[in-house]
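Participant: Please work out how this folds:
(one chain, ligands or ions: 1)
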Amino acid sequence: MTERSFDVVIAGGGLAGSALGGVLARSGLGVLVVEKEDGFRDRIRGELSFPWGHSEALRAGLGEPLDSVGAVPLPEMGFYEDGRRVDGLAWNSISIDGLPAIGFSHPRLQEVMLGWAESQGATVLRPAKVVGVADGHGDGGAIVSATSRGATTEYHARLVVGADGKTSGVRRWLQAQTVTDPEHHRFGGLLLSGVRWDDTFAWASTPANVVGWFLTGADSCRVYIRLTAERVHETGAGRSPEAFIAFAARAAPEGTFDGANPAGPLGFFANSCTWASHVTRGPMVLVGDAAGALDPSQGLGTSLLFRDVRLLSELLLADRDWQRATAEFAKRREAYYDVLRAYDRWLALIEHEEGPEGARRRELHAAAREADPTLGGFATLEACGPDGLTADEAARRGFFGEPPA
Ligand SMILES: Cc1cc2nc3c(=O)[nH]c(=O)nc-3n(C[C@H](O)[C@H](O)[C@H](O)COP(=O)(O)OP(=O)(O)OC[C@H]3O[C@@H](n4cnc5c(N)ncnc54)[C@H](O)[C@@H]3O)c2cc1C
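Facilitator: Purely as a prediction, here's the structure:
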């Protein structure tokens, strides 16, 4: 292999790209990870992986970077109303291998994961931006152009992986359409220091809003708020860190955010799923948000990317025919993404539909849950993942407690 030829070139060294790069390099493949950022900063991204995602990461062999970043075990989910805890869920009672959820600093894990990928033998090019992908020299591979410090270099790859996030450029070069569900809410986040909280992932939900918070490190607490765009404006929750903290404090037990200080930027983002019409073509394949991002407020994005990393790496390492391996990845990815996307929409209706229709829906849902606590497997999705689930009309009716058709 020459210096500029790799088995796999990965566009994007976020969590998906660097994790995949490390896993493939560890198995002896020649891997180049191209990352455009010189250093990672807080972009207000996923900092909680549910037990399913935790399990996927461990199965992919990512225990070492999770340990190095000091991921915080979050064994319980606590549900709050009017500042009081009304219910709780111990993950180990339902999760795979009794695993807890984990909290972590996203930019720190990006940094650690990219360093880990390098330690496994991947070459990391940074800061460098992938600016084009073209067909290879008739050998079934591809040529990737990357610009770094004003110079553009071409790399030959047997496979190009687009791990370049929700606004993926590789998605365009792969000639896929970008499809987006309509926005239903906004999801905002702010990192705080000086919060005294335990290892519970707290979730305070009313039809009008959701506030969630959890520890991501010794003195860092991530707080998220979900509101409609109109309410972000009306309440002023996005106007300043102080307004955001005051809004969150009203949902949390008294005193939770007393003495809290902003430790990162504040921002609100559209809640909608965005995905590629297809995730592979020729020697190109997409993973993570580039393949399909979920509504961020359901908190399943990192679990999904760890699943992508595990599945794609297993298929590539098991089959010398990478066209067949990526086709199989695409088929399975589409199936589990469809389930996760349907679940996102169903849950948003249960949590947020207002007025008598919403109240009735929640009543029926609660009754269905009493009859079947797993709701056909959908109620344990965060703990066990989407395998074996189909989001068809029968499942939808079961979830909403409607009689079978
Ligand atoms: C507000 C918010 C809250 C969220 N909360 C949660 C949560 O609690 N739990 C959860 O599981 N998920 C959550 N998510 C989702 C989660 O953050 C994403 O699913 C995850 O970050 C996707 O990772 P990725 O590596 O696929 O993409 P990204 O994180 O977007 O990484 C893409 C990388 O590619 C690089 N890149 C882009 N273009 C190029 C190029 N041309 N050349 C080179 N490099 C390039 C970028 O610099 C970046 O490093 C949340 C998302 C948002 C917006």
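
Participant: What residues does this protein have near the ligand?
Facilitator: By CB under 6 Å from any ligand atom, the part of the chain that sits against the ligand consists of 11-17, 34-37, 44-49, 129-130, 163-165, 169, 187, 189, 269, 288-290, 293, 296, 299-303, 305. The C-beta positions use only the backbone N, C-alpha and C, and glycine is treated the same way.

Participant: any idea of the mean pLDDT in the helix or strand encompassing residue 349?
Facilitator: With the criterion set as DSSP states H and E, the secondary-structure element containing residue 349 is helix 322-352. Confidence over helix 322-352, taken as the mean pLDDT, stands at 95.

Participant: list the contacts for the spatially most central residue of the chain?
Facilitator: Centroid-nearest residue in the chain, with CA atoms, centre = their mean: residue 301, separated by 1.5 Å. For residue 301, the residues meeting the contact criterion (CB atoms under 8 Å, 6 or more residues apart in numbering) are 45, 46, 288, 289, 293, 294.

Participant: List the residues that contact the nearest residue to the fourth one once chain neighbours are set aside.
Facilitator: Nearest in space to residue 289, with sequence neighbours left out and distances taken as CB to CB, 6 or more residues apart in numbering, is residue 166 at 4.4 Å. By CB under 8 Å, 6+ apart, the contact set of residue 166 is 274, 289, 290, 293.

Participant: So which bits of the helix holding residue 349 are buried?
Facilitator: Neighbour-count burial for helix 322-352, with 16 or more other CB atoms under 10 Å as criterion, is recorded at 322, 325-326, 328-330, 332-333, 336-352.

Participant: Please apply the same query to stretch 151-169.
Facilitator: When neighbours are counted by 16+ other CB under 10 Å, the buried residues of stretch 151-169 are found to be 155-166, 168-169.

Participant: One more: stretch 45-63?
Facilitator: For stretch 45-63, burial by neighbour count (16+ other CB under 10 Å) applies to 45-62.

Participant: I'd like to know which of these are part of strands.
Facilitator: Among those, the members found in strands (DSSP state E) are 48, 49.

Participant: which phi and psi does the closest residue to residue 207 other than its chain neighbours have?
Facilitator: For residue 207, ignoring the flanking residues on the chain, the nearest one in space by CB to CB, 6+ apart is residue 354 at 4.7 Å. When quoted as degrees, to the nearest 10, the phi and psi of residue 354 stand at phi -100, psi 170.

Participant: returning to what we had before: distance check, the residue nearest to the centre of the chain against residue 348.
Facilitator: Separation of residue 301 from residue 348 (CB to CB, to the nearest Å) stands at 15 Å.
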